[in-house]
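Trainee: Everything below, folded, please.
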Amino acid sequence: LPYTPPSLSEGDIQTSISLLRQTVAVDLALKLYALLDDLKAPRFADCRLHLPCIAFRVTTVTRRPIEHKETYFTYEVKADGLRDLQITTEDRLLQFSEGSSTRQSFLLVRPWDRHLLELPDYTDDTKNVDDFVIPGSPGGEGPLDSESSERAMRLIVRLGQPFSAFLLAQQRSGEYKRIASDRDIITQVNDVDSVHGMDVRLRTLEIL
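Mentor: Numbering: from 1, shown residues only. Here you go, the predicted model:
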């Protein structure tokens, strides 16, 4: 079954927002919200998947010692901004450590899900489209209007929760290939500082 992230109650979200307001500048949250809102939907073209995502550079891949003959291999994986994790796969991965040169680069990516934006349902006939405000848009009270900032901070909270990631290996032609795992790859950002830097991690990758 697809991975379902742990649910957050409204009370949990509001508590997290209160804590975040002490360390996260609202204008940075609004900027990240706007950048993610601009990402296009995934699409297929030229036999490739064009995947909008949040990408984290893998810095270390280390294979665990083999105790017996295996058809699967387990690796310790470290990525910039994410907690360390183990991945089990049929593929033999190139091992490397941070600071070493490698012929192939890897990414752990979070496929972008627009539901995290909590956009209003424009099919709801009980509300007028003019009632809705896109964060930072001219139609609001300003870039820091309460509704926009609330939605942006809720996004930061959700980006800090565990998520299902893809492990991608870059190919010689520049595209990426997904490395299959024996189970969902579940990971989480290290801390709120890792969420701060997500604006430079936004990418649309070509996957074979």
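
Trainee: for stretch 97-111, how far is the first residue from the last?
Mentor: This stretch, stretch 97-111, spans 25 Å end to end (Cα to Cα, to the nearest Å).

Trainee: which residues does residue 82 form a beta bridge with?
Mentor: Counting by DSSP bridges, residue 82 is bridged to residue 189.

Trainee: can you give me the mean pLDDT across the strand ranked longest in the chain?
Mentor: When the chain is parsed with DSSP state E, its longest strand is strand 48-63. The pLDDT scores in strand 48-63 average 94.

Trainee: Determine the set of other helices and strands touching the helix or strand just after that strand.
Mentor: Sequence order places strand 73-79 as the next helix or strand after strand 48-63, per DSSP states H and E. With contacts taken as 3 or more Cβ pairs under 8 Å, 6 or more residues apart in numbering; DSSP states H and E, strand 73-79 sits against strand 48-63, strand 85-89, strand 106-111. The way it works is simple: take the backbone N, C-alpha and C, and place the C-beta from them, glycine included.

Trainee: which SS state does residue 155 fall under?
Mentor: Following DSSP: H, G, I helix; E, B strand; the rest coil, the label given to residue 155 is helix.

Trainee: Would you check that residue 177 makes contact with residue 208?
Mentor: Yes. Assessed by Cβ atoms under 8 Å, residue 177 is found in contact with residue 208 at 5.2 Å.

Trainee: Give the residues shared as contacts by those two.
Mentor: residue 171 (Cβ atoms under 8 Å, 6 or more residues apart in numbering).

Trainee: Convert the C-alpha atoms of the lowest-mean-pLDDT helix or strand in the chain to PDB, please.
Mentor: Least confident helix or strand, the chain: helix 192-196 with a mean of 77, by mean pLDDT, DSSP states H and E. What follows is helix 192-196, C-alpha atoms only, in PDB (Å, rounded to 0.1, in the frame of the first residue of the first chain):
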ATOM      1  CA  VAL A 192      13.500  23.400  10.500                       C
ATOM      2  CA  ASP A 193      16.800  24.800   9.000                       C
ATOM      3  CA  SER A 194      16.500  22.100   6.300                       C
ATOM      4  CA  VAL A 195      13.100  23.400   5.400                       C
ATOM      5  CA  HIS A 196      14.500  26.900   5.200                       C
END
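
Trainee: No further queries at this time; thank you.
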